[in-house]
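Student: Below are the sequence and a predicted model; questions follow.
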Amino acid sequence: MRSFGRRRNEFKFHILRKESDYIAIYDNDGADVILDDLEEQGYFYLDWIRAKNSVIAVEKWQQTQKEEVARLHHKNRELQETIDALEKEIEQLEKLSRNNPRSTRSNGLNDFSPYAILGVPEGCSDLQLIKKNYKRLSHIFHGDKSQSSETSDDMMKLINSAYDILKKK
């Protein structure tokens, strides 16, 4: 008789780790007791996964983790590139303000579009998209999270000014 809750020949395994050792425990009626015993021995419960056997379960888990690390590394690189580009824009604004101290630029936005600062299309009226990008940039450049407090303060002023302008439109 075929069980409808499972994929064909795949079973649920709980994955645990202690240092560099991984264990896959088949999910059955006594699994909770076994899991508790292993946690008392220093194993950490990670998650569960479906596989044909425990060896494949551990291999699938490790492969999934490698893929996740690669994805996060790629995302980190993209964010770092965005940060670098925005820091260059700040440096350009600082140079412009030093070269022209009596400029009418009160917030540094005369040279850059508030749309460009927040990374939304020119003329965008989608307040949700504007707010989403504002929150994302604020999270990146918040003074508590950024490495350079001067740069992050300047970026936050620029981001806040751009957001104030666009939310009023």
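Tutor: Cool, the structure landed.

Student: Count residues in the vicinity of Ala85, would you?
Tutor: Look at Ala85: counted by other CB atoms under 10 Å, it has 9 neighbours. C-beta: built from backbone N, CA, C; applies to glycine.

Student: Equivalent analysis for Tyr115, please.
Tutor: Counted with other CB under 10 Å, Tyr115 comes out at 17.

Student: swap in Tyr163?
Tutor: 20.

Student: thinking Leu166 is in contact with Leu118, fair?
Tutor: Yes - using CB atoms under 8 Å, Leu166 is in contact with Leu118, at 6.6 Å.

Student: Quickly list what's touching both of the two.
Tutor: Ile130 (CB atoms under 8 Å, 6 or more residues apart in numbering).

Student: which strands and helices sit next to the helix or strand encompassing Val55?
Tutor: Per DSSP states H and E, Val55 falls inside helix 54-99. Secondary structure elements in contact with helix 54-99, counted by 3 or more CB pairs under 8 Å, 6 or more residues apart in numbering; DSSP states H and E, are strand 11-18, strand 21-26, strand 44-51, helix 127-141, helix 149-168.

Student: will you turn those into CSV that also has distance to Ser97 and mean pLDDT?
Tutor: Formatted as CSV, those follow (distance: least, CB to CB, whole Å; pLDDT from 0 to 100):
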stretch, distance to Ser97, mean pLDDT
strand 11-18, 53, 95
strand 21-26, 56, 95
strand 44-51, 51, 94
helix 127-141, 18, 87
helix 149-168, 10, 84
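
Student: Those: which one's closest to Leu72?
Tutor: Nearest to Leu72, of all the helices and strands packed on helix 54-99, is helix 127-141, at 15.3 Å by CB to CB.

Student: buried residues in the closest one?
Tutor: Neighbour-count burial for helix 127-141, counted by 16 or more other CB atoms under 10 Å, picks out 130, 133-134, 137, 140-141.
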